[in-house]
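[1] dropping the sequence and predicted coords here.
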Amino acid sequence: MINITLPDGSVRQVESGSSAMDVAKSISEGLARNVLSAKVNGEVWDANRPMTTDATLQLFTWNDKDGKTTFWHSSAHLMAEALEALYPGIKLGIGPAIDTGFYYDVDAGDRVISTNDLPAIEKKMQELARQKNDYVRKDISKADAVAYFEEKGDQYKLELLEGLEDGEITFYTQGGFTDLCRGPHIPNTGTIKAVKLMNVAGAYWRGDEKNQQMTRIYGVSFPKQKELTEYLHLLEEAKKRDHRKLGAELDLFMFSDRVGAGLPIWLPKGNALRERLMNFLREEQEKRGYKMVTTPHIGKKELYVTSGHYEKYGEDSFQPIKTPRVDEEFLLKPMNCPHHCEIFAHRPHSYRDLPLRIAEFGTVYRYEQSGELHGLSRVRGFTQDDAHIFCTPDQLKEEFLNVLDLTETVLKKMGFEEFTAQISLRDPDNPSKYIGSTENWEAAESAIINATQEVGLSTTTELGEAAFYGPKLDFMIKDALGRSWQLGTIQVDYNLPERFELEYIGADNKAHRPVMIHRAPFGSMERFISILIENTAGKFPLWLTPEQYAILPISDKFNGYCEEVQQALATHDIRGFIDDRNETIGRKIRDTELKKIPIMLIVGEKEAEGNAVSVRIQGEGDKGAMSIEEFVAYFKELL
RNA sequence: GCCAGCAUAGCUCAGUUGGCCAGAGCAGCUGAUUUGUAAUCAGCGGGUCGGGGGUUCGAAUCCCUCUGCUGGCUCCA
């Protein structure tokens, strides 16, 4: 007998060789039906894998993240089985579960798999699921595994096998399909009741663009049809929050083929929003001792040769601008930091002047790959809320913490509760991607790690995500469809001060090198606003929204009074417009609701006579009549 | 940049296997209506079917190419 400890601390004695499923059955049949996988001594296992030692056991169902992962991974195998049936000789890469389902990378040779083929594959999957085949785990020797895939002619699996140790290799089989896999899997294909294949995409084998491009098929699956229907509905709802759609509907910004791809054009309302965001940050920065500067949109090529940007990005970026002089070239600025370094270098600095905090809403231009352009989130011309702090090494920690505080203030003000703070470090396997000495990098990396630990910020760490001149602390926020974007960033840089030979005179009357912090709490105005639109579904906070109210006269007889109201409100810095179209009040209300104007002021005979307005709140409804003074007070409450 | 798709009026979309002057709703314009909390009524205008090239007696429809867009991959200072 062995002792199985459950999460609640209770211990059950079962026979050695019992599985998690056996334990589930001993608890209840209902539970057993829903068990997908289990965590045994901290490792996720097949529910039916025999346990032979004392163990802690946690059962996973669809309600657990690990349960879903197992379910989707098994669904990927089911899809592979269907693909083998429909496309004999197809070669398989990898097929993992992801946050929202699963995918499998396949190489179908000359055959093209497109979205048109997905329904047939789904149908085959459903047919195979109905066979209710068990997923069967089997240990296999490396030699036998290699022999199997040589026979099958699947070079991708053979390549994967090269990286595996003999003795740790397992195969999983369901029905007529066998795959190299460490598992775990759900007990039976019959559990997969609903399948939807979402799309196909090209994906390079092992994520390297030098390798063969495979076809990646994305799908999602559920234990119940109803859950699939609900999921698809949720996706539809999320699409309504897409900033590209709302940006057009709310007249915030546009793109023009003639101006060029990835070059956003801000329309009056979007620009008003953008200006308000910038003013908010200007005020915060002023409180914190930043000085604003303005630098040109171009700079001599040598500036970027000095900074290292040219060597790193020159080939793949906007090409130099020529002048009538043959030996003269300028670059559109891809970053503001070289200009700001020149500001620092402009005159000598005493340690007493530091930290020097130089801020600029700097518009930069980067030639992003055409396939990468995405609404406002990934563009070729954008404005960073940039600043560079030049400080002594002793001041670094405090300055970093100040910036961290500013960034958190900004995120909080915008109501972004769910963000990830990601420490982006060097890729240790690829040192040639970075400039500067190992000592500089280590100092910068530990500065970030220590500071975040000190304030107890919970972080994730990603290797290889650093900038070429230094490590970063990046704030990642998700868009409506769950894709993660980097917004704010704080970067510690010992390298550019070296390249620009920046110095200050210390208390010892000797020259010292400053440390530089690059930081942008919004990241870029464009991307930040894209996320703001998606998070608010276009219903911006009252202080930020371009138009706070609309006055809706019941008939044009009251237009004069409406103008009086508008003027009265303007004196209280309350902004809005009068909808004086010759339309019914019902129509005006409907249009205003759809434009997501927060407040409607309805004005007819009663209001005009009583010096009042009838207040209606977007999405809520009628709040009744109030005097102008009462409304102003009410408005201040809402702010 | 790569893979797979998409591109018809300002917007959302119809347009049968290539075949008569390319349609609808909304928006717009004109007129009527002077309106009380999510669409007043009537009339009118608007499209080189993304650009270019080709196949064909004939192309929105088939082929090539360019541009833009969508979903991924790679990239992201």
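    Nice, thanks for sending it over. Residues are numbered from 1 along each chain as shown, chains lettered A, B, ... in the order given.
[2] just the strands in the stretch 1-150 of chain A please.
    In the stretch 1-150 of chain A, the segments counted as strands under DSSP state E, counting those that start in this stretch are A:2-5, A:11-14, A:18-19, A:37-40, A:43-46, A:50-51, A:55-60, A:91-92, A:97-98, A:101-107, A:136-139.
[3] could you dump those strands to a markdown table with mean pLDDT and mean neighbour count?
    For the C-beta atoms, the positions are set from N, CA and C on the backbone; glycine is no exception. Listed next are the strands of the stretch 1-150 of chain A as a markdown table, based on pLDDT from 0 to 100; neighbours: other CB atoms under 10 Å:
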| stretch | mean pLDDT | mean neighbour count |
| --- | --- | --- |
| strand A:2-5 | 92 | 16 |
| strand A:11-14 | 92 | 13 |
| strand A:18-19 | 92 | 20 |
| strand A:37-40 | 95 | 25 |
| strand A:43-46 | 95 | 18 |
| strand A:50-51 | 94 | 18 |
| strand A:55-60 | 94 | 20 |
| strand A:91-92 | 96 | 22 |
| strand A:97-98 | 96 | 16 |
| strand A:101-107 | 97 | 23 |
| strand A:136-139 | 95 | 14 |
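[4] between these, which gets nearest to RNA strand B?
    Among the strands of the stretch 1-150 of chain A, the nearest to RNA strand B by CB to the nearest atom of the strand is strand A:101-107 (7.6 Å).
[5] helix or strand right after the helix or strand hosting A:Thr178?
    According to DSSP states H and E, A:Thr178 maps onto strand A:177-180. Next along the chain after strand A:177-180, taking DSSP H and E as the criterion, comes strand A:194-204.
[6] I'd like to know which elements that next one is packed against.
    Packed against strand A:194-204, as judged by 3 or more CB pairs under 8 Å, 6 or more residues apart in numbering; DSSP states H and E, are the following elements: helix A:65-86, helix A:118-129, strand A:213-222, helix A:225-240.
[7] Three-state assignment for A:Glu360, please.
    strand (DSSP: H, G, I helix; E, B strand; the rest coil).
[8] that one against A:Met292, yeah?
    Yes: counting by CB atoms under 8 Å, A:Met292 is a contact partner of A:Glu360 at 6.5 Å.
[9] which one's more surrounded, these two?
    Comparing A:Glu360 with A:Met292 by other CB atoms under 10 Å, the one with more neighbours is A:Glu360, at 21 against 13.
[10] could you give the number of residues near the residue nearest to the more buried one when sequence neighbours are not counted?
    Nearest residue to A:Glu360, sequence neighbours excluded (CB to CB, 6 or more residues apart in numbering): A:Val293, at 5.1 Å. For A:Val293, the tally of surrounding residues (other CB under 10 Å) stands at 16.
[11] what sits against A:Val293?
    A:His340, A:Ile343, A:Ile358, A:Ala359, A:Glu360 (CB atoms under 8 Å, 6 or more residues apart in numbering).
[12] dump the residues you listed to a markdown table, plus pLDDT.
    Listed next are the contacts of A:Val293 as a markdown table, based on pLDDT from 0 to 100:
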| residue | pLDDT |
| --- | --- |
| A:His340 | 98 |
| A:Ile343 | 98 |
| A:Ile358 | 98 |
| A:Ala359 | 98 |
| A:Glu360 | 98 |
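[13] which of those sits closest to RNA strand B?
    A:His340 (11.8 Å).
[14] for the closest one, what are its contacts?
    A:His340 neighbours (CB under 8 Å, 6+ apart): A:Val293, A:Thr295, A:Ile358, A:Glu360, A:Asp386, A:His388.
[15] if we can go back for a sec, distance to A:Glu159 for the strands of the stretch 1-150 of chain A - can I get that in CSV?
    Output for these, formatted as CSV (distance: least, CB to CB, whole Å):
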stretch, distance to A:Glu159
strand A:2-5, 39
strand A:11-14, 41
strand A:18-19, 33
strand A:37-40, 27
strand A:43-46, 25
strand A:50-51, 32
strand A:55-60, 31
strand A:91-92, 11
strand A:97-98, 21
strand A:101-107, 12
strand A:136-139, 21
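[16] quick one, helices of the stretch 401-550 of chain A?
    A:438-455, A:495-499, A:525-536 (DSSP state H, counting those that start in this stretch).
[17] now the last one against helix A:225-240, angle please.
    Between the direction of helix A:525-536 and that of helix A:225-240, the angle (axes from the mean of the first three to the mean of the last three CA atoms, to 10 degrees) works out to 140 degrees.
[18] quick check: which ranges of the stretch 401-550 of chain A have low pLDDT?
    Scanning the stretch 401-550 of chain A for pLDDT under 70 picks out no residues.
[19] quick check: beta-bridge partners of the closest residue to RNA strand B within it?
    Proximity to RNA strand B, evaluated over the stretch 401-550 of chain A using CB to the nearest atom of the strand, is greatest for A:Ala467 at 3.3 Å. Beta bridges link A:Ala467 to A:Gly470 when assigned by DSSP bridges.
[20] I figured it hits A:Ile490, correct?
    No: contact criterion CB under 8 Å: A:Ala467 and A:Ile490 do not qualify, at 11.2 Å.
[21] mutual contacts of the two, please.
    A:His518.
[22] same drill for these two, tell me which one is more crowded.
    A:Ile490 (25 against 20).
[23] any idea how far A:Leu31 is from the more buried one?
    47 Å (CB to CB, to the nearest Å).
[24] do the same with A:Glu159
    From A:Glu159 over to A:Leu31 (counting by CB to CB), the distance is 41 Å.
[25] please apply the same query to A:Phe500.
    In terms of CB to CB, A:Phe500 sits 65 Å off from A:Leu31.
[26] kindly report the same for A:Ala345.
    69 Å.
[27] what residues are up against the residue nearest to A:Ile517 when sequence neighbours are not counted?
    Ranked by CB to CB, 6+ apart and with sequence neighbours excluded, the top spatial neighbour of A:Ile517 is A:Ile389, at 4.2 Å. With contact taken as CB under 8 Å, 6+ apart, A:Ile389 is in contact with A:Pro355, A:Leu356, A:Arg357, A:Ile358, A:Glu399, A:Val403, A:Met516, A:Ile517, A:Arg519.
[28] which among these gets closest to A:Gln13?
    Of all the contacts of A:Ile389, A:Gln13 sits closest to A:Val403, with 57.0 Å by CB to CB.
[29] for the closest one, give me its contacts.
    A:Ile389, A:Ile490, A:Ile517, A:Arg519, A:Pro521.
[30] repeat for A:Gly262
    Counted by CB under 8 Å, 6+ apart, A:Gly262 has contacts A:Phe255, A:Glu368, A:Leu373, A:Arg378, A:Val379, A:Arg380, A:Gly381.
[31] count the neighbours of the third one for me.
    Applying other CB under 10 Å, we find 15 other residues in the vicinity of A:Leu373.
[32] for it, give me its contacts.
    Neighbours of A:Leu373 in contact, by CB under 8 Å, 6+ apart: A:Ala261, A:Gly262, A:Val379, A:Arg380.
[33] may I ask which two of these are separated the most?
    Pairwise over these, using CB to CB, the maximum falls at A:Ala261 and A:Val379, 8.9 Å.
[34] the stretch 251-400 of chain A: helices as residue ranges?
    Using DSSP H, counting those that start in this stretch, helices in the stretch 251-400 of chain A cover A:268-287, A:301-307, A:309-313, A:337-345, A:396-413.
[35] distance to A:Lys210 for the ones you listed - can I get that in CSV?
    Formatted as CSV, the helices of the stretch 251-400 of chain A follow (distance: least, CB to CB, whole Å):
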stretch, distance to A:Lys210
helix A:268-287, 40
helix A:301-307, 27
helix A:309-313, 19
helix A:337-345, 31
helix A:396-413, 37
